[in-house]
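>>> here is my input, please return the structure:
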Amino acid sequence: MKKLAFFLTATLVTLTVQAADYRLESPDGHITATITAGPQLTWAAERDGVTVFAPSPICMTLSDGTVIGAPAKVKGTSRTSVDRMIASPFYRADSLREHYNELTLSLGGKWSVQFRAFDDGVAYRFVTREKRPFEIVSEDVEFVFPDDAVATVPYVRDGRDGDFASQFHNSQENTYSQAPLSQLRTDRLAFLPLVVDRPGGMRLCITESGLIDYPGMYLHSTAPATTLKGVFAPRPKRVEAGGYIEWLVAEAEDYIAKVDGPRAFPWRMAIVTTDDKALAATDMTYLLAEPSRLADISWIRPGKVAWDWWNDWNIDGVDFESGINNDTYKYYIDFASKNGIEYVILDDGWSDNGNADLFNVNPNIDLPMLAQYAADRGVGLILWAGYRAFDKDMERVCSHYADMGIKGFKVDFMDRDDQMLTEFISQAAETAARHNLVLDLHGMYKPAGLNRTYPNLLNFEGVFGLENMKWIDKDRDQMEYDVMIPFLRQVAGPLDYTQGAMLNGGIKNYSPSNSEPMSQGTRCHQLALYMVYDSPLNMMCDNPSNYMREQECTDFIAAVPTAWDETRILAAEMGEYIVTARRKGDTWYVGGITDRSPRDLTVDLSFLTPGQHAATLFADGVNAHRAGRDYRRTELTLTPDQSLTLHLAPGGGFALRID
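Numbers count the residues shown, from 1 in each chain. Coordinates of the predicted model:
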C-alpha cells in the first residue's frame with residue numbers, strides 16, 4: 001500500500017507539473033479568466049481579485065471514446081484583440097461596440113477551444129475542423145463556486161420530479177426561485193439564463209449564445225455541493241404526433257448531437273457585472289452570436305401587432321357577432337390602419353391546426369380577401385401555426401401564403417430544444433427568409449443569439465408572459481417577475497411578452513379571466529413595458545374596442561418604436577425596479593416599473609441634448625393602488641440639467657416621451 005500511495009502521489013505531482021495556466025484579461029483589465037490545461041481543461045474567473053467561479057472542468061466526449069479537454073494537451077496558442085463597431089438591426093441599438101480579447105488553444109486532432117473576455121464577462125466555445133461525421137455523447141460544463149451564494153433560478157415547470165428525460169419537454173416558462181446554491185432543488189432542471197450573486201454586489205449571469213443546430217443547455221444543482229452542472233437533451237431518434245400540435249420524442253439516441261463537418265459549438269457565457277444597470281444593459285449574447293446568414297434584410301419590417309387570442313376576439317359596440325370571421329378581422333385591420341399599427345395576427349382557429357393542415361382554412365375566413373383588404377390599408381397579416389403543421393410542409397406553406405400577401409408566421413408549441421428542434425428552427429428561418437416572411441417563435445426556448453444570425457426571427461417567447469394572466473392564481477406575483485426579466489430572460493435576447501392590457505387589476509383586485517383578461521399592476525406599468533422590454537415584433541394584446549375607449553394610451557403605444565438607435569439603463573435593482581431610456585432619431589422614450597413595493601424614482605435627464613424638450617408623461621394616478629387604471633397625463637418641458645422624481649404605486653410604472 002505504501003508503494004501504491006507513493007506511485008499515485010508521484011503521478012499527481014508529475015501531472016501537476018505538466019499543467020499550464022493561461023490568463024486572459026478583459027480590455028479594461030478588471031476581469032481575468034484563468035484557463036488550466038492539464039489532466040483536465042478547466043477555467044476560472046475573477047473580477048478585481050474576487051473569485052467569480054473557481055476552476056471548473058470543461059470537455060466533450062465523442063462516440064469513439066475521445067475526450068476533448070481531458071487530458072488537455074495544448075499544441076499551440078494564438079491571441080487577438082478586436083475593437084470595432086458592428087451593425088445591429090432590429091435590436092436595442094442600431095450599432096454596438098464589439099470589444100474583446102481572445103485566446104485560442106489548439107488541442108490537436110483538428111480541435112481547439114476559444115475564450116473571449118469582454119468588459120462585462122467571459123465565454124468559451126469548442127471548435128472542430130473535423131470533416132468526418134461523428135457524434136457527441138456528452139458535454140461537460142460546470143460552474144464550481146467556493147462559497148454558498150444565492151442563486152436566482154427558473155426551474156422547468158413540466159415533467160416529473162427527478163426524471164430529466166420528461167423535463168426536456170417544456171416551453172421554458174416559469175417565474176424565478178431564489179435560494180442558496182446548497183439549497184437548490186436537485187430534482188428539477190434549471191433553464192437559462194440564471195443569476196448567482198457574488199461578493200461585493202457582483203452578479204454572475206450564466207447563459208449561452210450561438211445556439212444553432214445543437215441542444216440547449218440546462219443546469220443541474222449538485223446541492224448541498226455548490227456546483228452547477230450542464231445537462232443536455234439527447235438527440236431524438238424517433239418522434240411522433242402528440243400533445244396539442246407537436247412532435248413528441250418517442251425514442252432518443254444515446255448521444256446529444258451528431259456532427260457532419262467543421263463547425264463551432266455554442267458559447268458558454270459568464271456575464272459578470274458590479275451593478276444591475278450593467279447586467280440589464282449587457283449585449284454579450286448578441287455580440288457572441290454568429291453574424292447574419294441573410295444577405296438581404298431590407299424587406300424585414302419590425303413593428304406592433306394587433307393580437308386577437310389574448311382578448312378572446314371580445315370586441316363590442318358592433319353589429320355582428322365577434323369571433324373568427326371576416327367581419328371581426330376587418331374590424332381589427334381597420335383599427336390597426338387607423339392607429340398606424342403594422343400588423344394584425346390571426347391566431348389559433350383560422351385553419352385546421354389540430355390536424356396539422358394549414359391549407360384547410362376555416363370556412364368563416366376568406367383569407368385572400370383579408371390579405372388584400374389589409375394590404376390596401378397598409379397593414380400586414382401574420383398567421384399562427386403549430387410546430388407540427390408548419391414542419392410538415394414548410395416550403396409549400398411559406399410559398400403559398402407569401403404569394404397570397406401574408407407577411408409572416410407565429411410558430412407555436414415547439415416545447416423542446418434538443419438538436420432536432422434547433423435544426424428545425426434554422427430550417428424554418430431560412431425557408432421563411434427565402435419568401436420574405438418574418439417569424440415570431442412562441443412555445444420556444446430562449447433566442448441565444450438567433451436574432452442576430454437570422455434577423456427575420458423577430459420575437460421569441462420562453463418567458464412567463466402576460467398570457468398567463470388569463471389563468472394563473474391571483475396570488476402569483478407577476479409584478480416581481482416583470483422586474484426580474486430585464487436581468488435574466490432578456491439577457492438572452494428579445495421576448496414575446498405580449499403587453500398592453502387596458503384592464504388593470506392593480507395589486508388588490510386582479511383576477512384571472514379568459515374572455516376579459518386583465519393585468520396585474522397599473523396601466524402605466526403596462527405602458528412602460530413597451531420601453532423596458534426588447535420586442536421588435538411587439539404585441540398589443542388587448543382588443544380594439546378597449547383600445548379605442550382608451551385612445552390617449554393607445555396613441556402613446558402606437559407611436560413607440562420597436563427597434564431602436566440607442567438604449568440606456570438609467571436605474572435598476574433586480575427584482576425591485578428598472579428605468580430604461582430608448583432613443584429613435586431625436587425622440588427619447590423612458591419607461592420605469594416597480595414590483596409590489598410603492599417607491600419614488602428619480603430620473604436623471606443628463607442624457608438629453610442641450611436645450612428645452614417638450615415631453616409627455618403618463619404616471620400612476622393618486623388612486624392607482626386601488627384602481628390600476630388610474631393614471632395622469634402631463635405635458636412638460638424638460639432640460640438635461642433637471643431630474644424628474646416620480647411616485648410609482650404598488651406594481652406601478654411611468655411612461656415618458658421626450659422630443
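>>> what segments of this structure are helices?
2-18, 164-167, 276-281, 284-288, 326-339, 367-376, 387-392, 394-404, 419-434, 450-453, 478-482, 523-532, 544-549, 551-559 (DSSP state H).
>>> helices and strands around the third one, which ones?
Counting contacts by 3 or more CB pairs under 8 Å, 6 or more residues apart in numbering; DSSP states H and E, the secondary-structure elements packed against helix 276-281 are strand 203-209, strand 566-573, strand 577-584. From N, CA and C alone the C-beta is placed, and that goes for glycine too.
>>> tell me the buried residues in stretch 299-306?
For stretch 299-306, a neighbour-count test (16 or more other CB atoms under 10 Å) marks 300-306 as buried.
>>> check the residues you listed against residue 583 and report the nearest one.
Nearest to residue 583 out of the buried residues of stretch 299-306 is residue 302 (CB to CB; 15.7 Å).
>>> ok, the nearest residue to the closest one once chain neighbours are set aside - contacts?
Nearest residue to residue 302 in three dimensions, chain neighbours excluded: residue 536, at 3.9 Å (CB to CB, 6 or more residues apart in numbering). Contact partners of residue 536, counting by CB atoms under 8 Å, 6 or more residues apart in numbering, are 90-91, 302, 451, 458-459, 494, 562-563.
>>> of those residues, buried ones?
Buried subset of the contacts of residue 536 (neighbour count, 16+ other CB under 10 Å): 90-91, 302, 451, 458-459, 494, 562-563.
>>> I'd say residue 511 and residue 505 touch.
Yes: Residue 511 is in contact with residue 505 according to CB atoms under 8 Å; the separation is 6.7 Å.
>>> what about the two, which has more around it?
residue 505 (24 against 11; other CB atoms under 10 Å).
>>> what about residue 644, how many neighbours?
Around residue 644 there are 18 residues (other CB under 10 Å).
>>> identify the residues contacting the closest residue in space to it that isn't next to it in sequence.
Closest residue to residue 644 apart from its sequence neighbours, by CB to CB, 6+ apart: residue 603 at 4.4 Å. Going by CB under 8 Å, 6+ apart, residue 603 touches 570-571, 579, 590, 592, 643-646, 656.
>>> the residue nearest to residue 302 and residue 455: what is the separation?
9 Å (CB to CB, to the nearest Å).
>>> what do these two both touch?
Taking CB under 8 Å, 6+ apart as the contact rule, residue 536 and residue 455 both touch residue 90.
>>> hmm, who's touching stretch 383-402?
241, 244-247, 309, 345-348, 350-351, 353, 356-359, 406, 408-415, 424, 427-428, 431-432, 434-437, 443.
>>> mind redoing it with 7 Å?
For stretch 383-402, the surrounding residues in contact (CB atoms under 7 Å, 6 or more residues apart in numbering) are 241, 245-247, 345-348, 350, 353, 356-358, 406, 409-414, 424, 427-428, 431-432, 435-437.
>>> repeat that for stretch 260-269.
By CB under 7 Å, 6+ apart, stretch 260-269 touches 121, 123-131, 133, 141, 206-211, 214, 284, 288.
>>> test my guess that residue 169 contacts residue 418.
No: with contacts counted by CB atoms under 7 Å, residue 169 stays clear of residue 418, the gap being 9.5 Å.
>>> out of those two, which sits in the more crowded spot?
Looking at residue 169 and residue 418 with other CB under 10 Å, you find the greater number of neighbours at residue 418, namely 25 against 18.
>>> relative to residue 489, how far out is that one?
On the measure of CB to CB, residue 418 and residue 489 end up 21 Å apart.
>>> now do residue 365
Residue 365 sits 34 Å away from residue 489, going by CB to CB.
>>> who has more neighbours out of the two?
Between residue 365 and residue 489, counted using other CB under 10 Å, residue 489 has the larger neighbour count: 30 against 18.
>>> identify the residues contacting the more buried one.
By CB under 7 Å, 6+ apart, the residues touching residue 489 are 193, 446, 462-463, 495.
>>> one more time with 10 Å
154, 172-173, 176, 191-194, 207, 446-447, 460-465, 481, 495, 497, 533 (CB atoms under 10 Å, 6 or more residues apart in numbering).
>>> ditto for residue 286
Applying CB under 10 Å, 6+ apart, the residues near residue 286 are 86, 88, 91-93, 96, 98, 209, 447, 449, 451-452, 492-494.
>>> quick one: which of the residues you listed is nearest to residue 21?
residue 209 (25.8 Å).
>>> follow-up on the earlier one: export the buried ones among the contacts of residue 536 to TSV and tack on pLDDT?
What follows is these, written out as TSV (pLDDT from 0 to 100):
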residue	pLDDT
90	98
91	98
302	98
451	98
458	98
459	97
494	98
562	98
563	98
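>>> tell me the one of these nearest residue 273?
When the buried ones among the contacts of residue 536 are compared against residue 273 (criterion: CB to CB), the nearest one is residue 91, at 19.5 Å.
>>> between residue 169 and residue 418, which contacts overlap?
Residues touching both residue 169 and residue 418 by CB under 10 Å, 6+ apart: 233, 249.
>>> do a quick rundown of the strands in the stretch 51-200 of the chain.
67-68, 76-87, 95-108, 111-118, 121-128, 134-144, 150-153, 177-180, 194-197 (DSSP state E, counting those that start in this stretch).
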